[in-house]
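Enquirer: Predicted coordinates and the sequence they were generated for:
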Amino acid sequence: MGLACSQIRLLTLTARKADCEYGISIDSMQKMALTREQTQLSQEYYSKLQSKQISYYANGQYNKINYNYLMGYGLNYGAILSGSQPLKSDYSMILTDYKGQVVLSDSYANAITSVLGSSIMNSKGQGGTFSVDKIAEIMAALLPDFTAEQFQTVIDNEKVESSGVFNTTNTLTGESTGEEVVKSTSDATTEKIQSLIDFYYPIFSAAAANGWTTEYNKEMETNDDYLSDAIVNGTFQLASVGSEGTYEPGTSLTYFTTAGLVQERTDSDVREEITAWYNAEKERISEKENYLDIDMDNLSTELESINTEIQSIQSLIDDAISSVFDWGSS
């Protein structure tokens, strides 16, 4: 009876020993996986630290690049006339995608399609090339306070004829005399229109020559980092518009940063966010590793105890078997 019990106990311990060894091997593989995860985390962390953001300098600080700065404020063209919002200093610098298509906002695309018809845009939000003769009409559709004729006049380097009615004042008292006079406003109107043409004409002439797209607008609206990241990874490119809407050669991102038009820099706030994320992920991995270490220690301790007990039971079994043979030989 004692030998049978010992055998059962031995089988039970042997099974448990196998379970402990299997558990230790699983924990060991999980630790190896955590080591690989830690390595990947470190690589991603340092990669994020090295990543650049495209910025511009205005109002005494660096600002993350945005569409309004590069391409204007759409219908809010007063920002261009009054300088109330930051704008690029070189109007020939525009935003294109990797295919060379001009990246246009919905308001710009709507102005084009209102003049050329919606068939010019395909289902992907891409539009084809068109005649530069249509630019004056397109600008008038975008900027309804002025007419296509006025835009074309200034494009042709001529002065717009315009006038306004003004109240006269007493030169001594400065008070209104109640009389109205008609005065020429040609210079002021021409100057305003010229300012708008200086900004918008390179955009629309490039679109006329190279085509245009709105397919990225949703991403730019929902992700503040999209435009900057797209310039860094090459999805977007900055181009310098030359004569007839063509792009000047050799105008890589390095060209624009060297010229001081944009800056490639790492934002300190972003670095702090990245470091906080890295520390949190590292702590998560460390907690898993600590749990596996404790589990492996417990299993190792149990395995050592099992091996000791197996040796003891095996000794009892050997002694029992030996005593039977000794009894039969006496």
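Expert: All right, it came through fine.

Enquirer: for Ile54, which residues make a bridge with it?
Expert: With DSSP bridges as the criterion, Ile54 is bridged to Glu264.

Enquirer: got the contact list for it?
Expert: Lys64, Ile65, Leu227, Ser228, Ile231, Val232, Leu253, Val262, Gln263, Glu264 (CB atoms under 8 Å, 6 or more residues apart in numbering). In short, each C-beta sits where N, CA and C put it, glycine included.

Enquirer: Counting neighbours, what do you get for the fourth one?
Expert: Residues within reach of Ser228, counting by other CB atoms under 10 Å, total 22.

Enquirer: just the fifth one next, same as before
Expert: Burial of Ile231, expressed as a neighbour count using other CB under 10 Å, amounts to 22.

Enquirer: between the contacts of Ile54, which is nearest Ser107?
Expert: Minimum separation from Ser107 among the contacts of Ile54 (CB to CB) is found for Leu227, which lies at 16.7 Å.

Enquirer: In helices, which of the contacts of Ile54 appear?
Expert: Leu227, Ser228, Ile231, Val232, Leu253 (DSSP state H).

Enquirer: Make a markdown table out of the residues you listed and add distance to Gln53 and pLDDT.
Expert: Shown next, in a markdown table, are these (distance: CB to CB, whole Å; pLDDT from 0 to 100):
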| residue | distance to Gln53 | pLDDT |
| --- | --- | --- |
| Leu227 | 10 | 94 |
| Ser228 | 5 | 91 |
| Ile231 | 9 | 93 |
| Val232 | 8 | 88 |
| Leu253 | 12 | 90 |
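
Enquirer: Would you mind writing the CA trace of stretch 91-104 as CSV?
Expert: What follows is stretch 91-104 as a C-alpha-only set of coordinates in CSV (Å, rounded to 0.1, in the frame of the first residue of the first chain):
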residue,chain,number,x,y,z
TYR,A,91,3.8,85.0,-52.3
SER,A,92,5.3,82.7,-54.9
MET,A,93,5.7,79.9,-52.2
ILE,A,94,2.6,77.7,-52.5
LEU,A,95,1.5,74.3,-51.3
THR,A,96,1.4,71.3,-53.6
ASP,A,97,1.1,67.6,-53.2
TYR,A,98,3.7,65.0,-54.3
LYS,A,99,2.2,65.0,-57.8
GLY,A,100,2.7,68.7,-58.2
GLN,A,101,-1.1,69.5,-57.9
VAL,A,102,-1.9,72.7,-56.0
VAL,A,103,-3.6,71.9,-52.7
LEU,A,104,-6.7,74.1,-52.7
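
Enquirer: Give the buried residues for it.
Expert: Of all the residues in stretch 91-104, those buried under the rule 16 or more other CB atoms under 10 Å are Tyr91, Ser92, Met93, Ile94, Leu95, Thr96, Asp97, Gln101, Val102, Val103, Leu104.

Enquirer: Of those residues, which belong to helices?
Expert: Per DSSP H, the buried residues of stretch 91-104 never map to helices.

Enquirer: Closest to Ala15 out of those?
Expert: Of all those, Ala15 sits closest to Asp97, with 64.8 Å by CB to CB.

Enquirer: Tell me what Ala58 is bridged to.
Expert: Gln61.

Enquirer: my guess is it meets Pro86, correct?
Expert: Yes: assessed by CB atoms under 8 Å, Ala58 is found in contact with Pro86 at 3.8 Å.

Enquirer: list the residues that contact both of these two?
Expert: Jointly contacting Ala58 and Pro86 under the rule CB under 8 Å, 6+ apart are Tyr69.

Enquirer: all helices of the protein, in order?
Expert: Taking DSSP H as the criterion, the chain contains helices spanning 2-50, 67-71, 78-82, 106-116, 135-142, 148-155, 186-210, 217-222, 226-233, 253-258, 268-329.

Enquirer: quick one: the first one to chain centroid distance?
Expert: Here the centre of helix 2-50 is set off from its chain's centre by 40 Å, with CA atoms, centre = their mean, to the nearest Å.

Enquirer: Report all helices and strands that that helix contacts.
Expert: Packed against helix 2-50, as judged by 3 or more CB pairs under 8 Å, 6 or more residues apart in numbering; DSSP states H and E, are the following elements: helix 268-329.

Enquirer: Any regions of the stretch 1-150 of the chain where pLDDT drops low?
Expert: Across the stretch 1-150 of the chain, the ranges flagged by pLDDT under 70 are 1-3, 50.

Enquirer: ok, now which ones touch the residue nearest in space to the middle of the chain?
Expert: Compute the mean C-alpha point of the chain, and by CA atoms, centre = their mean the closest residue is Tyr226, 3.0 Å away. Contacts were defined as CB under 8 Å, 6+ apart; by that measure Tyr226 touches Tyr216, Glu219, Met220.

Enquirer: With Gly127 instead?
Expert: Taking CB under 8 Å, 6+ apart, we find Gly127 in contact with Leu104, Ala109, Ile112, Thr113, Ile120, Met121, Ala207, Gly211, Trp212, Thr213, Thr214.
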